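Visitor: mind looking at a prediction? Sequence and model below.
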Amino acid sequence: MTATARTESTAEVTIADAEGPESVTSSELLTIHSARALAARRVVFAGHGLPTLAVSLAQHTVAPEIEIVYESGVTGARPPALPRSISDSILVPGAASVMPMTHLFAYVLQGQRIDVGFLGAAQVDRYGSLNSTLIGSDWDHPDSRLPGSGGAIEVMAGAAEVFLVMRRHTPRTFVETLDFVTSPSPHQAKSAEAGTPPAGAGVTHVITDLGVMTRSEPDEELTLTSIHPGVDAAEVVARTGWDLKVSEALTTTEPPSREELRLLREELDPSRIYLR
Amino acid sequence: MTATARTESTAEVTIADAEGPESVTSSELLTIHSARALAARRVVFAGHGLPTLAVSLAQHTVAPEIEIVYESGVTGARPPALPRSISDSILVPGAASVMPMTHLFAYVLQGQRIDVGFLGAAQVDRYGSLNSTLIGSDWDHPDSRLPGSGGAIEVMAGAAEVFLVMRRHTPRTFVETLDFVTSPSPHQAKSAEAGTPPAGAGVTHVITDLGVMTRSEPDEELTLTSIHPGVDAAEVVARTGWDLKVSEALTTTEPPSREELRLLREELDPSRIYLR
Amino acid sequence: MVDKTASLSEAVSTHLNDGDTVALEGFGHLVPVAAAHEIIRQRFSGLTLARMSCDVIVDQLLGAGCLQGLISSFVANSSAGSLYELRRRVEHCDPEPLWFDEYSHGGMVARYQAGAAKLPFQPIASYRGSDLAKKNPRIRTVDDPYGGPSIHVVPALNPDLTIVHAQRADSQGNVQAWGMLGIQTEAAFAGRRLVVTVEEIVDEDIVRSDPNRTIIPAHIVDSVVPVPRGSHPHAVQGYYDRDDEFSRAWSTLAREASAVSAWLEENIHGTADHEEFLSRIGLDRFDRLSIRDTFSTPVNYGGRV
Amino acid sequence: MVDKTASLSEAVSTHLNDGDTVALEGFGHLVPVAAAHEIIRQRFSGLTLARMSCDVIVDQLLGAGCLQGLISSFVANSSAGSLYELRRRVEHCDPEPLWFDEYSHGGMVARYQAGAAKLPFQPIASYRGSDLAKKNPRIRTVDDPYGGPSIHVVPALNPDLTIVHAQRADSQGNVQAWGMLGIQTEAAFAGRRLVVTVEEIVDEDIVRSDPNRTIIPAHIVDSVVPVPRGSHPHAVQGYYDRDDEFSRAWSTLAREASAVSAWLEENIHGTADHEEFLSRIGLDRFDRLSIRDTFSTPVNYGGRV
């Protein structure tokens, strides 16, 4: 199957119960499913944006004992408002610790102290390799220069597993071949000639506006395991740039609960900083 | 010349001026000459004991801008009393900084930030290699097990130069061949098969109860350049386990001044903790 | 005691030379912005900038023609958007090519660590299979003499000059900082020369009341420079908040190269120093950035009775 | 929030096994002495002890028959004299041989760094020409892929259990310490399991009022144990001074193996816990070791208005 450019649409999730219908935005959906996936996880490395919000929601729901580590070295932050970035100084007052960057990168990430690392990317391939470096075929003169690795390479190599959050599921982001492999999947790392094999499993969950893909073994491909209400599996396949496997046990995701929505909207992000 | 066991004696230094004769102990003499050698040096790594006292004296006399770094990571200490060891907590209140040990060993010592490192040793050879590990011919079952390197190897390799203070100049401590090369001279390092050449000049000054030996070039031997008043150069040679070179410009050390003695005895070590 | 205080203009002109590699570090907090502006003001050229996480000052140094090279691991304007001057240089060699020596954050951290420790390189476990290792010939491997797989290494980074910003120092150059500390200590030790800008020079008794708070000891500092609000638009913990409006406005402005030139002409070349620069961009903005006080609980350092 | 507080006896019995490598770190300050005594009390055997700078607890662990191996870089009793139990083992294999894995302090620091960072080894520049490199087959070399001379490396040290002592922690295990910090943070991260003993468990608000003071974050701690005076005869900055009389007396006592056995029988096996141990050696000695208060100047962490 060839990836075809299509008009993008996202899940239209509405919950309807005694209180009447309530529509849910794509951001809310992604955040809620990211939070649910954190059940039973303990130490989470949260990139900025939705992951920060997802971890907070998980703390209030499925994983009260979760501990968040930020790339700026802050652990156990309890900011009075949502941080505007991972280096927002609002994270510091009242935090449990601020580690020097050497400790964060060498001892925490490379030191394999993270259970789940959250990442975003411009492109992902079927084994979960990520590109956040550039778009184009000429590395020295790319069509579009992106931010680059930051700490993504270290998160991918060191965290026990990685959750990928993608706001838009499209054939331009879910691609057969990355323009640049920034953060390699275990499969990609295996085929390399030299260096230390990654400690973790790579990307185990991809949460998008259409559904959730999962994988676990090094050479396993991402498989569509659940779709959001109102989404058709064929549409997900069509909007994926490789021949996406669909689980035989494909499920439909449980709609957000009233309580999850209330927490997100009223307590965690009332100004909708991340829920844009 | 063979080293011969002799009855040990030390310099008998007496100063005589209008105030009448005043005898000087060997510890005082060593401390005062160590301090004088620090003129124009700035960052000093002080081992515990006489070096601590010598650096304090230098601060009061020839090198007011000197900065002391202790192996415990403390810099700019201003202890109200003499520290009892390099890890005495009395060094901390009022100090300028306390570095983690990683910074001290990796960034300060290996990082070549020290102008002069002070060391002691059980044995020294003609090029200034030091043994502080063991006495005996069987490394696995030594006659006498000594403390070992501590940070001595790093001081020798990283400091621009090393001052060695030896309380007793004898053929058992100034030897032809060390029982164990703990901290190698640049000469010794050169003959090794592998590894990084030392950054510094190795031992440039040896201050003993009999006089001062110096060297500067990697392959240069220690040369007796000055003797304390009342010491005979031949005695120093006799009490050295190798054929000690004597400088043609051999001088006699300037006796301690009244002011140096006053500072040591009345201000710096009134309880004679180090001036034993 | 050596008094190492200097003016910013003196410190930069004394310790920087055209063609140098200069590290300006600070991870979204405690960034030597005023120092970067002074480099522009003094019209340095041919510099290579080392900076893990880029921001407005990178675009500004590029726009001013100061840089021929960049050593970095993140080239966006944090959460505020793109750095368009940088993208023009990288995507279109406009106005000229930029030598870009690229790593991950972990790689940059390792490079500074090796530089601080005067090691030739530092091992790093994360590069297997990444195109970054393929693209950058300075990322290499060594064999493990203990029988494990080979491991990647990155070379030591030893900038000719490192400049960092901190909350305070004494006049001898004992530097104290808190909040997010980035890679400042390692960058400081790695530098052949070191200039530290601070919000304030304080009495040494304050510094010495809490020696564990010192992140850089005086003996490695060449100049210490009081520059209040020297990190704007980045925050300084306990002094002022971040100015996101400024950073976002930059990403809009810098879409046009001519706007960058005009901004630099007016705000940097058109001002004598950081104080005048601050008046130019409006001191009233600091009202919005003021913070409330939250003091640490003192700890007892004790003392021998 | 997970409450990680435990009693010393629980923490040691849960996290230590016969035959383990156990790191007890602390450089003449903040030494986990009470924990070492508990290891003796619980009669562990076949342990390998990692400890940069030895002291009375090494002699005591040896005398009690707990150790088959030692990883260290300094084997004297600081300024107090020799460690005779250790010397009997090394010089005369009395009562049995000791496996001694010897490095310099710089080498031990590098081993813990590699262990904390899960690297196979750490390069070190200081071993060329030293017999230590000749004697110890685990000190090796790698080639420099950047064309410089080869460089020595030491292998990662990953103790099965690390125990360190600190001034305070909250009940979740965020550990704060000040004064001389030794290699505690790296030893903590290098350990497969981690127990921290502290002078006191404090309210988390105290810890969180100064997050830069935290040397070990909660997420790597397995148990945190309140053990007041747990570092005696070593000092704890701001809590009590060192007891040099005790350390010197040990170097005299330990000249006779039988005296060591008798001392252990009476003071360790003959006491139920650290509190009883302290009463046995005399609580009045702490009068001599009391310190006067010297508080740090608080710093402002600020807060968004």
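Guide: All right, it came through fine.
Visitor: all helices of the stretch 1-150 of chain C, in order?
Guide: Taking DSSP state H, counting those that start in this stretch as the test, the helices found in the stretch 1-150 of chain C are C:8-15, C:33-41, C:56-63, C:84-92, C:105-116, C:131-135.
Visitor: and of the ones you listed, who's closest to residue D:11?
Guide: When the helices of the stretch 1-150 of chain C are compared by Cβ to Cβ, helix C:105-116 sits nearest residue D:11, at 32.9 Å. C-betas here are computed from N, CA, C, even on glycine.
Visitor: what about the residue in the stretch 151-300 of chain C positioned nearest to chain B, how many residues nearby?
Guide: The stretch 151-300 of chain C approaches chain B most closely through residue C:214 (3.5 Å), counting by Cβ to the nearest Cβ. Residue C:214 is flanked by 25 other residues according to other Cβ atoms under 10 Å in any protein chain shown.
Visitor: same list (the helices of the stretch 1-150 of chain C) but as TSV, adding mean neighbour count.
Guide: Putting those into TSV (neighbours: other Cβ atoms under 10 Å in any protein chain shown) gives the following:
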stretch	mean neighbour count
helix C:8-15	20
helix C:33-41	25
helix C:56-63	25
helix C:84-92	21
helix C:105-116	30
helix C:131-135	21
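Visitor: let me have these in CSV, extended by mean pLDDT.
Guide: Shown next, in CSV, are those (pLDDT from 0 to 100):
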stretch, mean pLDDT
helix C:8-15, 98
helix C:33-41, 98
helix C:56-63, 98
helix C:84-92, 97
helix C:105-116, 98
helix C:131-135, 97
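Visitor: among these, which is nearest chain B?
Guide: helix C:105-116 (4.5 Å).
Visitor: what helices or strands is that closest one leaning on?
Guide: With contacts defined as 3 or more Cβ pairs under 8 Å, 6 or more residues apart in numbering or on different chains; DSSP states H and E, helix C:105-116 has these neighbours: helix A:101-102, helix A:152-158, strand C:67-72, strand C:121-124, strand C:151-155, helix C:184-190.
Visitor: just say which of the ones you listed is most tucked in.
Guide: Most buried of the helices and strands packed on helix C:105-116, by mean neighbour count (mean count of other Cβ atoms under 10 Å in any protein chain shown): helix A:152-158, with a mean of 31.
Visitor: now that helix: how far from the chain's centre is it?
Guide: Computed by Cα atoms, centre = their mean, to the nearest Å, the separation of helix A:152-158 from the middle of its chain amounts to 13 Å.
Visitor: surely residue C:28 and residue A:85 touch.
Guide: Yes - counting by Cβ atoms under 8 Å, residue C:28 does reach residue A:85; the two are 6.3 Å apart.
Visitor: neighbour-wise, which of those two wins?
Guide: residue C:28 (24 against 21).
Visitor: so how far is residue A:74 from the closest residue to that one other than its chain neighbours?
Guide: Leaving aside its sequence neighbours, residue C:28 sits nearest to residue A:87 (Cβ to Cβ, 6 or more residues apart in numbering or on different chains; 2.8 Å). Relative to residue A:74, residue A:87 is positioned 9 Å away (Cβ to Cβ, to the nearest Å).
Visitor: need the residues touching each of those two.
Guide: Applying Cβ atoms under 8 Å, 6 or more residues apart in numbering or on different chains, one finds that residue A:87 and residue A:74 are jointly contacted by residue C:180.
Visitor: helix or strand with the lowest mean pLDDT in chain A?
Guide: Using mean pLDDT, DSSP states H and E, strand A:13-17 stands out as the lowest-scoring helix or strand of chain A, at a mean of 75.
Visitor: where's residue C:197, which helix or strand?
Guide: Using DSSP states H and E, residue C:197 sits in strand C:193-201.
Visitor: show me which strand runs longest in chain A.
Guide: Determined from DSSP state E, the single longest strand within chain A is strand A:245-252.
Visitor: shouldn't residue A:117 be within a strand?
Guide: Yes - counting by DSSP: H, G, I helix; E, B strand; the rest coil, residue A:117 is located in a strand.
Visitor: give the contact list for the nearest residue to residue C:162 once chain neighbours are set aside.
Guide: Excluding the flanking residues, the one nearest residue C:162 by Cβ to Cβ, 6+ apart is residue C:191, at 3.0 Å. Going by Cβ under 8 Å, 6+ apart, residue C:191 touches C:23, C:115, C:158, C:159, C:160, C:161, C:162.
Visitor: kind regards, and thank you for your time.
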